[in-house]
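S.K.: predicted coordinates and the sequence they were generated for:
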Amino acid sequence: MSKRALRLLVMLCALGTGVPAQADILVMGDSLLAVNGLQGKSVAKELRRLLPGEHVRDRSKMGASYLYPLPVTGAMGMSIPKQYRQGNWDWVVLNGGGNDVLWNCGCGPCTRFLDKLITHDGMGGAIADQVRALRASGARVVFVGYLRSNGFDSPVDKCGPTGDEMDRRIGRLAKADPGVEFVPLADLVPEGDISFYAPDRIHPSPKGSAAIAARIAKVIAP
């Protein structure tokens with residue numbers, strides 16, 4: 001009997017006895033998900049708290065991007081696609097693209113480069129390729145958007161229009177596949193509330209990471 005077939009049998013037995021089956025969750029992405037890890041308050045660690053009993057493995061890395069050209073450090077997690085590890089994952093929580101936009105466009109006009117990440121219809125580009133590969137493995141995918149400052153200044157405010165367009169494109173990708181969920185964060189921060197941000201006003205604070213994890217958990221928990 002294959003490992004996947006055996007796992008399905010265990011899940012069916014668990015359902016039959018009223019015992020909930022454990023979900024295997026892989027977290028991949030950049031600093032939005034990785035930050036606050038040293039304090040034990042990263043998004044992945046908050047997911048472990050919110051989804052007790054589930055197996056959550058965190059591969060996210062500060063500074064990671066999709067179009068990462070260096071093979072050695074890319075294999076160490078700086079390339080988001082190379083963060084993946086084989087496993088019978090039920091869910092993959094994924095984000096990324098912000099560092100690609102920042103480093104290659106400097107928060108300026110970015111349409112041509114954005115197409116390399118994800119095309120206008122949501123069906124092409126590095127992000128779409130990654131999501132398709134994850135879906136082919138049998139996992140469901142939760143793709144997480146980025147925060148927006150609301151009523152206060154952030155060093156990356158000028159990236160907002162590009163971020164909005166990227167959200168729209170990822171939304172189209174999600175609508176095309178019922179196994180993909182897009183969790184936007186553009187509306188997460190209340191107006192004028194800087195407590196969701198770290199002092200740099202770029203990354204989430206521990207409170208922000210907890211709020212992000214709560215949105216993700218609402219998708220996974222049912």
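M.R.: Received it, and whenever you're ready, just let me know what you need.
S.K.: contact partners for S195?
M.R.: By CB atoms under 8 Å, 6 or more residues apart in numbering, S195 lies in contact with 205, 207-208. For every residue, glycine as well, the C-beta is placed using N, CA and C.
S.K.: show me which of those residues is closest to G179.
M.R.: G208 (27.3 Å; CB to CB).
S.K.: mind jotting down where the strands sit in the chain?
M.R.: Secondary structure of the chain (DSSP state E): strands located at 24-28, 55-58, 91-94, 140-144, 180-183.
S.K.: quick one on the thing from earlier: for the contacts of S195, give me CSV that also has neighbour count, distance to S31 and pLDDT.
M.R.: Shown next, in CSV, are those (neighbours: other CB atoms under 10 Å; distance: CB to CB, whole Å; pLDDT from 0 to 100):
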residue, neighbour count, distance to S31, pLDDT
S205, 19, 13, 97
K207, 15, 16, 98
G208, 25, 12, 98
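S.K.: and the residues you listed as CSV, adding distance to P161?
M.R.: Listed next are these as CSV, based on distance: CB to CB, whole Å:
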residue, distance to P161
S205, 25
K207, 26
G208, 22
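S.K.: which of these fall in helices?
M.R.: If you go by DSSP state H, the contacts of S195 have 207-208 in helices.
S.K.: return the member of the contacts of S195 nearest to R140.
M.R.: Taking CB to CB as the measure, R140 lies nearest G208 of the contacts of S195, at 24.4 Å.
S.K.: please tell me I have it right and the closest one contacts L147.
M.R.: Yes. Using CB atoms under 8 Å, G208 is in contact with L147, at 6.7 Å.
S.K.: spell out which residues are contacts of both of these two.
M.R.: In contact with both G208 and L147: 188-189, 196-197, using CB under 8 Å, 6+ apart.
S.K.: show me the shaky parts of this protein.
M.R.: 1-22, 71-76, 222 (pLDDT under 70).
S.K.: recalculate using a threshold of 90.
M.R.: Per-residue confidence for the chain (pLDDT under 90) gives these ranges: 1-23, 53, 68-77, 105-112, 151, 158-159, 221-222.
S.K.: just the helices from it, written as ranges.
M.R.: According to DSSP H, the chain carries its helices in the segments 3-17, 31-34, 43-50, 71-73, 98-105, 111-117, 126-136, 160-175, 206-220.
S.K.: the third one packs against which elements?
M.R.: By that I understand helix 43-50. For helix 43-50, the packing partners by 3 or more CB pairs under 8 Å, 6 or more residues apart in numbering; DSSP states H and E come out as strand 24-28, helix 31-34, strand 55-58, strand 91-94, helix 206-220.
S.K.: the first one pairs with which strands?
M.R.: Right, the one you point to is strand 24-28. Strand pairing for strand 24-28, determined by DSSP bridges: strand 55-58 (parallel), strand 91-94 (parallel).
S.K.: ok, residues contacting the first one?
M.R.: Strand 55-58 is contacted by residues 22-27, 33-34, 37, 42, 44-45, 47-48, 85, 87 when judged by CB under 8 Å, 6+ apart.
S.K.: if anything else comes up later, I'll come back, but that's it for now.
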